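K.L.:
Fold the following for me, if possible:
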Amino acid sequence: MSEFQKTNDFKEITYGRRSVKAYDPEVKISREEMTDILAGASRAPSSVNAQPWRFVVIESQEGKEKLAPLARFNQTQVLTSSAVIAVFADMNNSQYLDEIYGKMVELGYMPQDVKDMQLKAIKNYYDQLPAADLRDVNFIDAGLVSMQLMLVARAHGYDTNPIGGYEKDKIAEAFDLDKDRYLPIMLISIGKAAKEGYPSYRLPVETVTTWK
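P.N.:
Presented below is the predicted three-dimensional model:
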């Protein structure tokens, strides 16, 4: 692939994203492709590789009808999209550290002694971390995976829209999750736009950047 093509692909994925309010309801995304999209999103950076993000893919008509009243100002996106991905931060994510680091040894990514040393330090860190600080760390990671999910979806040829306007205090229990453990980050609708999304203005780099 030429550098010109790479540049154009990058611009299409990033600069070309617009706010989508309605999707083609006939477009479905297979579970296989959705799994591939989520796998790509999960390559996002993660503090100490703790991977606190969790996804609920709401793709059935029943699921969408349950979600729609909780996202009353965004019901069109919910009901016409191929799916809505609810992104949560798992506040008990440290219980997966043994599995994550054990697998890294098994795959040859790190030696056992390094794993033992790092895992001990990380667990001590988590044990002493105030709840508010843990929330901040997990929310940053979950935000990173959400943006990467949208970019990966675009690379697959789909449109997305992040949704923050919904009943965050009800979403976990509505989909059978422990609301104290799984904290909502955002909803991401995904599908093929029924019409071109709305453009939006971004402040210039000169306004938002300081050079030192």
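
K.L.:
is the nearest residue to Ile188 once chain neighbours are set aside in a bridge, and if so with what?
P.N.:
Using Cβ to Cβ, 6 or more residues apart in numbering and skipping residues adjacent in sequence, the residue nearest Ile188 is Ile85, 4.6 Å away. The way it works is simple: take the backbone N, C-alpha and C, and place the C-beta from them, glycine included. Using DSSP bridges, the bridge partners assigned to Ile85 are Val57, Ile188.

K.L.:
in terms of contact, does Ile85 touch Gly191 like I think?
P.N.:
No - applying Cβ atoms under 8 Å as the test, Ile85 and Gly191 come out as separate, 11.1 Å apart.

K.L.:
show me the biggest helix of the chain in terms of residues.
P.N.:
helix 131-155 (DSSP state H).

K.L.:
packing partners for it?
P.N.:
helix 3-14, helix 31-41, strand 53-58, strand 83-90, strand 159-163, strand 182-191 (3 or more Cβ pairs under 8 Å, 6 or more residues apart in numbering; DSSP states H and E).

K.L.:
Just put these in a markdown table and tack on mean pLDDT, mean neighbour count and distance to Val105.
P.N.:
A markdown table is the format used below for the helices and strands packed on helix 131-155 (pLDDT from 0 to 100; neighbours: other Cβ atoms under 10 Å; distance: least, Cβ to Cβ, whole Å):
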| stretch | mean pLDDT | mean neighbour count | distance to Val105 |
| --- | --- | --- | --- |
| helix 3-14 | 54 | 11 | 35 |
| helix 31-41 | 98 | 15 | 21 |
| strand 53-58 | 98 | 20 | 23 |
| strand 83-90 | 98 | 23 | 23 |
| strand 159-163 | 95 | 22 | 36 |
| strand 182-191 | 98 | 23 | 28 |
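
K.L.:
Make TSV from those and add distance to Ile140 to it.
P.N.:
Putting the helices and strands packed on helix 131-155 into TSV (distance: least, Cβ to Cβ, whole Å) gives the following:
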stretch	distance to Ile140
helix 3-14	20
helix 31-41	15
strand 53-58	11
strand 83-90	9
strand 159-163	16
strand 182-191	10
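
K.L.:
which phi and psi does Ser94 have?
P.N.:
Torsion angles at Ser94 (phi, psi; degrees, to the nearest 10) stand at phi -60, psi -20.

K.L.:
Could you tell me how many residues sit around it?
P.N.:
Look at Ser94: counted by other Cβ atoms under 10 Å, it has 18 neighbours.

K.L.:
Checking the closest residue to it other than its chain neighbours next. Helix, strand or coil?
P.N.:
Counting by Cβ to Cβ, 6+ apart, Tyr126 is the residue found nearest to Ser94 once chain neighbours are left out, at 4.6 Å. On the three-state scheme (DSSP: H, G, I helix; E, B strand; the rest coil), Tyr126 is labelled helix.
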